[in-house]
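**Q** Build me a structure from this.
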Amino acid sequence: MITRRTFTSAAAFMAAGVAAPSLWAQGKPEKTKLAIAVGGKAAFYYLPLTISEQLGYFKAEGLDVEISDFAGGARALQALVGGSADVVSGAYEHTINMQSKGQMIQSIVLQGRAPQIAVGVSTKNMANYKTLADLKGKKIGVSAPGSSTNMVANLILSRGGLKASDVSFVGVGTSAGALAALRSGQIDAMSNTDPVMTMLEQKGDVKIISDTRTLKGTQEVFGGNMPAACLYTSAEFVQKNPNTCQALANAIVHGLKWLQTAGPSDIIKTVPDNYLLGDRALYLASFNKIREAISLDGMMNEEGARTALKALASFDPAIKADKIELSKTYTNDFARKAKDRFKA
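**A** Residues are numbered from 1 along each chain as shown. Coordinates of the predicted model:
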């Protein structure tokens, strides 16, 4: 398992110039039984993970994967740092945040090429909403404090001249609990993923004020491509377990390839029933909205990594853009081989 000591020694591994993973010959995974942490697995944000799991793609690569679902990405990250998880299916920007704290983690395969996060205000609690300044003093629901949904909310608030301390963030998860929190009036606004946000939008419960569920919307909010979900782990784990990382990338890219041609009925048959949140039609409407946000081949875009760093640095003074080595936050070595294998 990964420990806090692992992270501090990871920098030494990289500084020592250990051979890049692409130089290793492929073979049997060094570690076959893996614990993967995820924050809000039912969200479309993590659909590639669910597809690869449900269709047996991890098993096909010789991996015995146990996936633990947490309330949000920040808690999944804590599982990695604390040693109860080997790998996280989570937001890419955590790799930048952790490097700013001297802890090296690395993305090994991308799942989403747009954040798929929308911010909306309650039409019940904030019927007279006009500008971002109106959010001051309000309660904003996020999947979990410190998660990607929280980061996007922080960015949007900063553009309205507000700081994170000007509002109260409330963890509501990414499924039925999030719907209930907004509809019951417990929160005044929400930053969350689909299918939750589309369901609230379609029922008239929220007014969307910022939207990154499409590539166009992502460009408008971030000014460029913005990577989203990925599989990430400690830099040391990557160095010690290249075949395992390749197997993980293979499984995810296999799922991404399947998603390229999957129809609505294929999705419905594959995901667990409780993911539909009781509304099959709206679930499929949500899927159609975010479909283009799913990565095609698992490859990280360099421009996207720069956009993520710029966005984080714009509202978090602890992140110094000139101190971050983006090349150490991700590797495309595994995804590139998987892309070639599956013709993704």
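**Q** per-domain residue ranges of this structure.
**A** Split into domains by automatic domain parsing, the chain comes to 4-114+226-342, 117-211.
**Q** Need phi/psi at residue 141.
**A** Per-residue torsions, residue 141: phi -80, psi 140 (degrees, to the nearest 10).
**Q** just to revisit the earlier point, now tabulate the domains of the chain in TSV and tack on mean pLDDT, distance to residue 219 and mean neighbour count.
**A** Quick note: C-beta positions are derived from backbone N, CA and C, even for glycine. Shown next, in TSV, are the domains of the chain (pLDDT from 0 to 100; distance: least, CB to CB, whole Å; neighbours: other CB atoms under 10 Å):
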stretch	mean pLDDT	distance to residue 219	mean neighbour count
domain 4-114+226-342	91	9	20
domain 117-211	97	11	20
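**Q** of all these, which lies closest to residue 218?
**A** Closest to residue 218 of these is domain 4-114+226-342 (CB to CB; 4.2 Å).
**Q** coming back round to it: turn the domains of the chain into TSV, columns for distance to residue 220.
**A** Converted to TSV, the domains of the chain look like this (distance: least, CB to CB, whole Å):
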stretch	distance to residue 220
domain 4-114+226-342	11
domain 117-211	8
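**Q** Let me know the secondary structure of the closest residue to residue 303 other than its chain neighbours.
**A** Leaving aside its sequence neighbours, residue 303 sits nearest to residue 225 (CB to CB, 6 or more residues apart in numbering; 5.3 Å). Here residue 225 takes the coil state, with states given by DSSP: H, G, I helix; E, B strand; the rest coil.
**Q** give the contact list for residue 225.
**A** Taking CB atoms under 8 Å, 6 or more residues apart in numbering, we find residue 225 in contact with 113, 114, 215, 218, 219, 301, 303, 304, 307.
**Q** repeat for residue 219
**A** Counting by CB under 8 Å, 6+ apart, residue 219 makes contact with residue 225.
**Q** and the residue lying closest to residue 50 once chain neighbours are set aside, what is it in contact with?
**A** Spatial nearest neighbour of residue 50, excluding adjacent residues (CB to CB, 6+ apart): residue 271 at 5.9 Å. Counting by CB under 8 Å, 6+ apart, residue 271 touches 47, 50, 51, 54.
**Q** do you know how far the nearest residue to residue 61 once chain neighbours are set aside is from residue 29?
**A** Closest residue to residue 61 apart from its sequence neighbours, by CB to CB, 6+ apart: residue 247 at 3.8 Å. For residue 247, the distance to residue 29 equals 5 Å [CB to CB, to the nearest Å].
**Q** The strand or helix carrying residue 340 - contacts with which helices or strands?
**A** Assigned by DSSP states H and E, residue 340 falls within helix 333-342. Counting contacts by 3 or more CB pairs under 8 Å, 6 or more residues apart in numbering; DSSP states H and E, helix 333-342 is packed against strand 105-110, helix 242-261.
**Q** if we can go back for a sec, quick one, phi psi at the residue nearest to residue 50?
**A** The phi/psi pair for residue 271 (degrees, to the nearest 10) reads phi -80, psi 150.
**Q** again with the one 4 residues further on
**A** Dihedral angles of residue 275 (phi, psi; degrees, to the nearest 10) stand at phi -70, psi -20.
**Q** can you pull the contacts of the nearest residue to it once chain neighbours are set aside?
**A** Counting by CB to CB, 6+ apart, residue 275 lies nearest to residue 42, which is 4.5 Å off, once chain neighbours are set aside. Taking CB under 8 Å, 6+ apart, we find residue 42 in contact with 69, 174, 175, 272, 274, 275, 277.
**Q** Look up how far residue 304 lies from the third one.
**A** When CB to CB is applied, the distance between residue 175 and residue 304 equals 27 Å.
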